[in-house]
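Chemist: model the following, please.
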Amino acid sequence: MAKTRAVFFCSACGFESARWLGRCPQCSAWNTFEERPREASRPMRSMRGAAVEPIPLHDVESAHHVRIPTGMPEFDVVLGGGIVPGSVTLVGGPPGAGKSTLLLQIAARLQLGGPVLYVCGEESAAQVKLRAARLKLDSSLLLFPETDLHAVLDAAARIAPRAMIVDSIQTVRLPESESYAGSVGQVRDCTQALVEFSKRTGCATFIVGHVTKDGSIAGPRLLEHLVDTVLYFEGEVQGDYRILRAYKNRFGSIDEICVFSMHDDGLHDVSNPSEIFLAGRDARPSGSCVVASILGSRPVLVEVQALVGESSFGTPRRLANNLDPARLAMIIAVLERRAGMMLGSHDIYASVAGGLRVSEPAADLGIALAIASSLRDRAVGAEVVAYGELGLSGEVRAVSAASRRAAEAKRLGYGTHISAERFPDIGSAIAEVLG
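Modeler: Prediction:
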């Protein structure tokens with residue numbers, strides 16, 4: 001019998017310590033150490049094929065992969081043009097966001113061109129079939145209800161699928177690994193084995209990842225470095241729309257988004273996200289401004305809202321929803337110092353409507369106009385769109401892709417553009433828009 005000893009593992013990054021620590025020295029997380037017995041090390045089963053010898057760079061053949069379309073054009077855009085054979089994609093999100101539904105729909109479409117293996121570690125095959133019936137999917141998709149990763153990889157080696165979906169990475173395990181299923185060590189070892197198998201065989205692999213209590217993918221720093229693409233469902237999961245964003249992509253642009261509408265028969269991609277985020281904006285009161293943002297490679301118009309009111313306490317509240325709180329604080333300071341607005345005794349709430357998170361500096365001007373509009377109780381014109389970065393001296397700076405932002409705004413009927421090309425500072429922009 002293997003000798004066991006008690007060790008402490010950080011549940012956030014997997015760091016091991018012989019004693020309990022309040023703060024992890026590797027990831028700086030607090031109160032994340034858990035005690036559990038650990039068996040003596042056992043040799044890991046080798047999953048490699050034939051040995052590979054080093055070769056000169058000029059002898060390496062140029063890899064030209066033909067991307068595989070998924071049948072969802074907007075999802076292909078997020079991936080960079082389709083699925084790259086041999087790639088590993090991590091799909092994360094809160095419960096109920098639609099991770100399993102989306103991947104089951106994609107698997108049903110991919111199997112039309114070849115075998116696709118769906119590893120259902122959380123559900124039985126009968127449960128997956130019930131979900132497929134609800135989505136009206138009738139395909140020859142191969143289901144494999146197994147949690148032993150060795151059995152999964154052996155079956156995949158026999159079938160040679162064009163794609164494999166593991167739902168989820170927290171349920172599969174390697175018997176020789178030293179920790180329990182779902183732990184940081186197991187997640188890391190299983191992901192490494194899946195990456196090695198995908199690169200060796202050319203099988204495109206999708207991994208479903210759960211989120212932790214702080215909203216990040218379980219074992220985020222470990223998995224992000226191992227996989228090729230990280231996709232994450234963000235925003236509210238109770239509404240009719242789901243937003244999928246690319247946080248990492250070795251084969252395309254990061255920060256690309258795909259908007260899905262939820263129906264009884266599954267998720268449907270939305271080809272024009274701007275119309276969704278601006279829906280019902282015909283008659284808005286003060287404190288609202290449309291911003292032309294760039295998400296990945298596409299321009300998207302979003303509505304920024306602000307509410308300014310007298311503070312009931314000594315310290316005013318400053319809350320940001322789907323915006324960077326630090327950037328909001330900087331914009332408020334610029335408005336006070338450079339535009340002469342007395343905001344020190346006011347609570348300020350700022351948000352992006354529709355659940356989309358906007359973090360680029362080009363939204364600064366729109367946020368400032370929304371705050372000024374709410375403070376003066378004067379509505380911004382319905383045809384106004386703003387984009388520009390604010391400097392600490394109050395100047396409005398030009399932003400990238402201004403022509404694409406302007407073209408998208410013009411296409412949607414916004415004729416008055418507030419940008420650095422027309423207004424050199426925030427004071428002149430406020431005077432033009434609000435009078």
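
Chemist: I'd like the next helix or strand past the lowest-mean-pLDDT helix or strand in the chain.
Modeler: Within the chain, no helix or strand scores below strand 33-39, which has a mean of 71 by mean pLDDT, DSSP states H and E. Using DSSP states H and E, the next helix or strand after strand 33-39 towards the C-terminus is helix 73-79.

Chemist: the following helix or strand past that next one packs against which elements?
Modeler: In the C-terminal direction, the helix or strand that comes right after helix 73-79 (DSSP H and E) is strand 88-92. On a contact count with 3 or more C-beta pairs under 8 Å, 6 or more residues apart in numbering; DSSP states H and E, strand 88-92 meets helix 99-110, helix 184-201, strand 204-209, helix 220-226, strand 229-234. Every C-beta, even on glycine, is put in place using the N, C-alpha and C of the backbone.

Chemist: tell me what angle strand 88-92 forms with helix 99-110.
Modeler: With axes from the mean of the first three to the mean of the last three C-alpha atoms, to 10 degrees as the criterion, the two stretches strand 88-92 and helix 99-110 enclose an angle of 140 degrees.

Chemist: any idea of the mean pLDDT for strand 88-92?
Modeler: Averaged across strand 88-92, the pLDDT comes to 93.

Chemist: for stretch 188-197, same thing?
Modeler: For stretch 188-197, the per-residue pLDDT averages 92.

Chemist: got the CA coordinates for that stretch in CSV?
Modeler: Output for stretch 188-197, consisting of C-alpha atoms alone and laid out as CSV, is shown next (Å, rounded to 0.1, in the frame of the first residue of the first chain):
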residue,chain,number,x,y,z
ARG,A,188,-4.3,20.3,-15.5
ASP,A,189,-3.2,16.7,-16.2
CYS,A,190,-6.4,15.8,-18.2
THR,A,191,-6.1,19.0,-20.3
GLN,A,192,-2.5,18.3,-21.1
ALA,A,193,-3.4,14.8,-22.2
LEU,A,194,-6.2,16.1,-24.4
VAL,A,195,-3.9,18.7,-25.9
GLU,A,196,-1.3,16.1,-26.7
PHE,A,197,-3.9,13.9,-28.3
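
Chemist: now that stretch, how far from the chain's geometric center?
Modeler: Computed by C-alpha atoms, centre = their mean, to the nearest Å, the chain-centroid distance of stretch 188-197 equals 22 Å.

Chemist: pretty sure Arg404 sits against Ile294.
Modeler: Yes. With contacts defined as C-beta atoms under 8 Å, Arg404 counts as touching Ile294 at a distance of 7.1 Å.

Chemist: these two - which one has more neighbours?
Modeler: Between Arg404 and Ile294, Ile294 has the larger neighbour count (other C-beta atoms under 10 Å), namely 20 against 14.

Chemist: my read is the more buried one is in a strand, agree?
Modeler: Yes. In this structure, Ile294 lies within a strand as judged by DSSP: H, G, I helix; E, B strand; the rest coil.

Chemist: these two touch, right, it and Glu360?
Modeler: Yes. Taking C-beta under 8 Å as the definition, Ile294 is a contact partner of Glu360 at 6.6 Å.

Chemist: if I look at Val385, how far off is Cys258?
Modeler: 23 Å (C-beta to C-beta, to the nearest Å).

Chemist: circling back: mean pLDDT lowest where, among the helices and strands packed on strand 88-92?
Modeler: If the helices and strands packed on strand 88-92 are sorted by mean pLDDT, helix 220-226 sits at the bottom with a mean of 73.

Chemist: what does the pLDDT read for the closest residue to Ser400 other than its chain neighbours?
Modeler: Leaving out its chain neighbours, the residue that sits closest to Ser400 by C-beta to C-beta, 6 or more residues apart in numbering is Ile294, at 7.1 Å. Per-residue confidence (pLDDT) for Ile294: 92.

Chemist: rewinding a little: winner for burial among the helices and strands packed on strand 88-92?
Modeler: Mean neighbour counts were compared across the helices and strands packed on strand 88-92 using mean count of other C-beta atoms under 10 Å; the top stretch is strand 204-209, at a mean of 26.

Chemist: partner strands of it, parallel or antiparallel?
Modeler: For strand 204-209, sheet partners with direction are given as strand 88-92 (parallel), strand 163-167 (parallel), following DSSP bridges.

Chemist: so which of those strands gets nearest Asp269?
Modeler: With respect to Asp269, and counting by C-beta to C-beta, the nearest of the strands paired with strand 204-209 is strand 88-92 at 14.8 Å.

Chemist: spatially nearest residue to the residue most central in space within the chain (excluding sequence neighbours)?
Modeler: In the chain, the centroid-proximal residue (C-alpha atoms, centre = their mean) is Tyr232; its distance is 3.0 Å. Setting aside the residues directly before and after it, Tyr232 is nearest to Gly92 in space (C-beta to C-beta, 6+ apart), at 4.9 Å.

Chemist: same thing with Met341?
Modeler: Residue nearest to Met341 in three dimensions, not counting chain neighbours: Leu335, with 4.7 Å by C-beta to C-beta, 6+ apart.

Chemist: flag every buried residue along the helix or strand encompassing the one you found.
Modeler: Using DSSP H and E, Leu335 sits within helix 325-338. Neighbour-count burial for helix 325-338, with 16 or more other C-beta atoms under 10 Å as criterion, is recorded at Arg327, Leu328, Met330, Ile331, Ile332, Val334, Leu335, Arg338.

Chemist: any idea how far Arg131 is from the nearest residue to Ser261 once chain neighbours are set aside?
Modeler: Closest residue to Ser261 in three dimensions, ignoring its sequence neighbours and counting by C-beta to C-beta, 6+ apart: His268, at 5.0 Å. Separation of His268 from Arg131 (C-beta to C-beta): 16 Å.

Chemist: with Arg376 instead?
Modeler: Taken as C-beta to C-beta, the span from Arg376 to Arg131 is 52 Å.

Chemist: returning to what we had before: bridging residues for the residue nearest to Tyr232?
Modeler: In this structure, Gly92 has beta-bridge partners Gly209, Tyr232, where bridges are defined by DSSP bridges.

Chemist: below-threshold pLDDT in the stretch 151-300 of the chain: ranges please.
Modeler: The model of the stretch 151-300 of the chain has pLDDT under 70 over residues 178, 212-222, 235, 237-238, 280-283.

Chemist: which parts of the stretch 251-400 of the chain are helices?
Modeler: In the stretch 251-400 of the chain, the helices defined using DSSP state H, counting those that start in this stretch lie at 273-277, 325-338, 364-376.

Chemist: format those helices as CSV; extra columns: distance to Tyr241.
Modeler: As requested, the helices of the stretch 251-400 of the chain are arranged in CSV below (distance: least, C-beta to C-beta, whole Å):
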stretch, distance to Tyr241
helix 273-277, 6
helix 325-338, 24
helix 364-376, 21
